[in-house]
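[1] everything below, folded, please.
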Amino acid sequence: MRILYLDCGMGAAGDMLTAALLELLPDSRSFLEELNGLGIPGIKVEEEAVSKCGILGTHITVKIHGEEETEGEPGEHLSHEKHFNQEAHHHHEESHHHSSMHHVEEIIGNLPLSSKIKKDILAVYGLIAEAESHVHGVPVSQIHFHEVGSMDAVADVTAVCMLMDRLAPERIVVSPVHVGSGQVKCAHGILPVPAPATAYLLRDIPIYGGGVKGELCTPTGAALLKYFADSFGDMPVMKIRSLGYGMGKKDFERANCVRALLGETENGGDSVAELSCNIDDMTGEAIGFAMEELFAAGALEVYTVPVGMKKSRPGILLCVMCREEDRDKMLRLIFRHTTTIGVRESVSRRYKLDRSMEIVRTPYGDIRRKVSSGYGITRKKYEYDDLSRIARERGISIGEIREEIE
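    This is a model prediction of the structure:
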């Protein structure tokens with residue numbers, strides 16, 4: 001499995017994530033040419049090699065109409081006020097043009113990118129707008145973006161989404177995020193670190209402060225991590241193929257960077273939580289509905305086993321397998337949709353074959369075939385949905401179809 005691990009021991013910002021991922025590509029120059037050729041209004045993205053604490057990495061500069069955005073104090077990254085301004089405070093910025101979320105959507109819609117990348121960009125931007133809406137207490141439709149700051153953010157988010165699409169990791173794991181400490185200046189005064197919008201975005205994500213004074217994680221960085229991360233925690237066992245260091249501009253006693261590690265696991269297995277409970281007072285239909293809800297929420301497996309319970313009552317053992325990070329979500333669903341008053345848990349290692357899908361051209365048209373490989377074996381199986389559809393259309397059996405195409 002192809003895994004991307006992001007070490008955010010010095011926080012995260014859009015430009016730092018861009019630089020770290022950019023270093024994982026064999027040809028960064030051609031990517032930047034493509035990025036700058038998209039036509040984001042007034043934007044030019046440049047890279048430069050810099051050293052922090054003896055480590056060589058890449059720093060990304062986003063210039064708007066030929067000028068680099070100035071930075072605030074005390075931390076390197078400007079607070080959320082760089083990107084977002086509440087409509088009620090327009091009089092502070094009368095000399096600048098402001099744009100709405102609708103305007104940003106128009107800009108993204110006009111970029112020559114795939115629909116998937118556009119969807120990713122707008123989803124990340126939507127998370128930031130939602131956070132600002134919550135902090136300021138106004139609808140998203142009334143949140144306005146400062147022209148310079150919003151274009152800077154569009155460039156950062158677009159670059160990261162393009163790089164994620166190009167690197168195509170199968171799983172993204174992010175370390176606990178260092179947010180910094182102290183306070184940060186903004187247009188409305190002095191705010192605590194993490195800034196309110198950043199804190200909102202980092203809900204349910206492991207974060208910590210520390211001795212570094214300043215804002216280490218920006219709303220853009222937080223939104224990108226929230227959107228792309230499959231899990232947060234320690235680096236998994238993996239064989240590293242390439243590394244990238246995305247440098248910030250400010251110098252600290254620690255190397256101010258995001259580190260990206262791209263590697264592979266070789267059938268190393270992963271940990272799964274197995275949740276189970278006994279039920280003897282639910283109908284079959286109700287249990288079936290609960291199973292459907294659990295699957296829809298991302299359960300890896302849900303099944304039932306008939307059991308004998310206390311006082312010789314027949315019952316059902318409901319078993320749910322899920323990723324460890326989904327445990328709390330599954331527990332809430334089990335208690336909501338079943339009558340159980342207690343759930344047991346065990347954590348197991350799961351070993352599985354690597355799976356991929358291929359298209360096979362047949363006399364009946366294209367049919368999907370699942371390929372599973374690993375541990376010295378390879379198995380191939382045609383998708384049942386495709387076989388059953390053709391069988392019904394042609395009035396023949398699934399066995400006849402298999403015989404013909406094999």
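[2] spatially nearest residue to residue 31 (excluding sequence neighbours)?
    Closest residue to residue 31 apart from its sequence neighbours, by C-beta to C-beta, 6 or more residues apart in numbering: residue 25 at 5.7 Å. For the C-beta atoms, the positions are set from N, CA and C on the backbone; glycine is no exception.
[3] need the pLDDT of that neighbour.
    pLDDT, residue 25: 94.
[4] same question, residue 150
    pLDDT, residue 150: 66.
[5] roughly how far apart are residue 109 and residue 285?
    Residue 109 is 44 Å from residue 285, where distance means C-beta to C-beta, to the nearest Å.
[6] next: residue 3.
    41 Å.
[7] re earlier: neighbours around the residue nearest to residue 31, how many?
    16 (other C-beta atoms under 10 Å).
[8] surely it forms part of a helix?
    No. Counting by DSSP: H, G, I helix; E, B strand; the rest coil, residue 25 is not part of a helix but coil.
[9] was I right about residue 134 contacting residue 200?
    Yes. Proximity of residue 134 to residue 200 meets the contact threshold set by C-beta atoms under 8 Å, at 5.5 Å.
[10] and the two? which has more neighbours close in?
    In terms of neighbours (other C-beta under 10 Å), residue 200 is the more surrounded of residue 134 and residue 200; the figures are 20 against 14.
[11] might you report the residue contacts of that one?
    Contacts were defined as C-beta atoms under 8 Å, 6 or more residues apart in numbering; by that measure residue 200 touches 131, 134, 135.
[12] tell me who's in contact with the second one.
    For residue 134, the contacting residues are residue 200, taking C-beta under 8 Å, 6+ apart as the criterion.
[13] just the C-alphas of whatever helix or strand it lives in, formatted as CSV.
    Taking DSSP states H and E as the definition, residue 134 sits inside helix 115-136. The C-alpha coordinates for helix 115-136 follow below in CSV (Å, rounded to 0.1, in the frame of the first residue of the first chain):
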residue,chain,number,x,y,z
SER,A,115,-13.6,17.6,-11.9
LYS,A,116,-12.1,15.6,-9.1
ILE,A,117,-9.4,18.2,-8.3
LYS,A,118,-12.0,21.0,-8.5
LYS,A,119,-14.2,19.1,-6.1
ASP,A,120,-11.3,18.7,-3.7
ILE,A,121,-10.4,22.4,-3.9
LEU,A,122,-13.9,23.6,-3.2
ALA,A,123,-14.4,21.1,-0.4
VAL,A,124,-11.3,22.4,1.4
TYR,A,125,-12.3,26.0,0.8
GLY,A,126,-15.8,25.2,2.1
LEU,A,127,-14.3,23.9,5.3
ILE,A,128,-12.5,27.2,5.9
ALA,A,129,-15.6,29.3,5.0
GLU,A,130,-17.6,27.1,7.4
ALA,A,131,-15.1,27.8,10.2
GLU,A,132,-15.1,31.5,9.6
SER,A,133,-18.9,31.5,9.5
HIS,A,134,-19.0,29.8,12.9
VAL,A,135,-16.4,32.1,14.4
HIS,A,136,-18.1,35.4,13.2
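[14] so how far is it off the chain centroid?
    12 Å (C-alpha atoms, centre = their mean, to the nearest Å).
[15] buried residues in that helix, which are they?
    Neighbour-count burial for helix 115-136, counted by 16 or more other C-beta atoms under 10 Å, picks out 117-118, 120-122, 124-133, 135-136.
[16] how about low-confidence regions in this protein?
    Scanning the chain for pLDDT under 70 picks out 69-100, 140-150, 186-188, 266-269.
[17] now the helices for it?
    14-22, 28-36, 101-109, 115-136, 147-167, 196-201, 219-228, 284-296, 327-337, 384-394, 398-405 (DSSP state H).
[18] dump the third one to CSV, restricted to CA.
    The one in question is helix 101-109. The C-alpha trace of helix 101-109 is given here as CSV (Å, rounded to 0.1, in the frame of the first residue of the first chain):
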residue,chain,number,x,y,z
MET,A,101,-17.5,32.3,-1.8
HIS,A,102,-19.5,32.4,-5.0
HIS,A,103,-16.7,34.4,-6.7
VAL,A,104,-14.1,31.9,-5.5
GLU,A,105,-16.3,29.1,-6.9
GLU,A,106,-16.4,30.9,-10.3
ILE,A,107,-12.6,31.2,-10.3
ILE,A,108,-12.1,27.5,-9.5
GLY,A,109,-14.8,26.5,-12.0
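[19] list the contacts of residue 15.
    Neighbours of residue 15 in contact, by C-beta under 8 Å, 6+ apart: 59, 60, 61, 62, 156, 246, 248.
[20] before we move on, the earlier item: if you count what's nearby, which of residue 3 and residue 285 comes out ahead?
    residue 3 (23 against 8).
[21] isn't the more buried one up against residue 242?
    No. Counting by C-beta under 8 Å, residue 3 stays clear of residue 242, with 11.9 Å between them.
[22] hey, what's in contact with both of these two?
    Taking C-beta under 8 Å, 6+ apart as the contact rule, residue 3 and residue 242 both touch 262, 263.
[23] sorry, back to before: let me know the closest of the contacts of residue 15 to residue 41.
    The closest of these to residue 41 turns out to be residue 62 (C-beta to C-beta; 12.4 Å).
[24] from the contacts of residue 15, which is closest to residue 45?
    Looking across the contacts of residue 15 and measuring by C-beta to C-beta, the closest to residue 45 is residue 62, at 5.5 Å.
[25] report the contact partners of the closest one.
    With C-beta under 8 Å, 6+ apart, residue 62 has these contacts: 15, 43, 44, 45, 68, 69, 152, 155, 156.
[26] quick one, what contacts the residue positioned nearest the centre of the chain?
    A centroid search over the chain (C-alpha atoms, centre = their mean) returns residue 228, at 1.2 Å, as the residue closest to the centre. Taking C-beta under 8 Å, 6+ apart, we find residue 228 in contact with 160, 164, 172.
[27] if we use 6 Å, what do you get?
    Residue 228 makes contacts with 164, 172, as judged by C-beta atoms under 6 Å, 6 or more residues apart in numbering.
[28] residue 294 contacts residue 302, doesn't it?
    Yes. Between residue 294 and residue 302 there is a contact at 4.8 Å, judged by C-beta atoms under 6 Å.
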